[in-house]
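Novice: Got a sequence here, can you model it:
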Amino acid sequence: MPLFISYVSYSNSGIKGLVDKPSDRSAVIGPMIEKAGGKLQGAFMTTGAHDALVVAEFPDGADAVALGMAAAASGAIAKIETVRAWKMSEFKSVAEKAAKLTSVYVPPGK
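Specialist: The predicted structure follows:
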């Protein structure tokens, strides 16, 4: 299954909820991902630009985006950014496809 990484930033109410009732959020995230047809690979709280990082496999991008929308609709999340990730060994085929297309692309203004 394709791998997706979600960068999560909590809203003020989300942070308040974490402080008022500390909990392991992977206990909530895991079953939600499974209900969307995916599999949780890892969930982490982080420092820096984002509060959390979630790594999960999903059948396709629509499932990953739907999960993010459902979580954001709670109001506890201010921003969620989900990106598709490839293992280095998998990305080789993507680069090979790109190599076949470079001769076809015409840059703007040419």
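Novice: CA atoms for contacts and neighbours, from now on please.
Specialist: Fine.
Novice: And for the residue nearest to residue 77 when sequence neighbours are not counted, the neighbour number?
Specialist: Of all residues not flanking residue 77 in the chain, residue 10 sits nearest, at 4.2 Å (Cα to Cα, 6 or more residues apart in numbering). Under the neighbour criterion other Cα atoms under 10 Å, residue 10 is assigned a count of 20.
Novice: if I pick residue 10, what's in contact with it?
Specialist: Shown in contact with residue 10 (Cα atoms under 8 Å, 6 or more residues apart in numbering): 51, 76-79.
Novice: now residue 69
Specialist: If a contact means Cα under 8 Å, 6+ apart, then residue 69 has no contacts.
Novice: what does the one 3 residues further on give?
Specialist: Listed by Cα under 8 Å, 6+ apart, the contact partners of residue 72 are 78-80.
Novice: repeat that with 10 Å
Specialist: Going by Cα atoms under 10 Å, 6 or more residues apart in numbering, residue 72 touches 8-11, 66, 78-80.
Novice: and what of residue 83?
Specialist: 3-7, 55, 61, 64-65.
Novice: That one: helix or strand, and which one exactly?
Specialist: Using DSSP states H and E, the element containing residue 83 is strand 77-85.
Novice: Residue 40 contacts residue 64, doesn't it?
Specialist: No - using Cα atoms under 10 Å as the test, residue 40 is too far from residue 64 to be in contact (11.2 Å).
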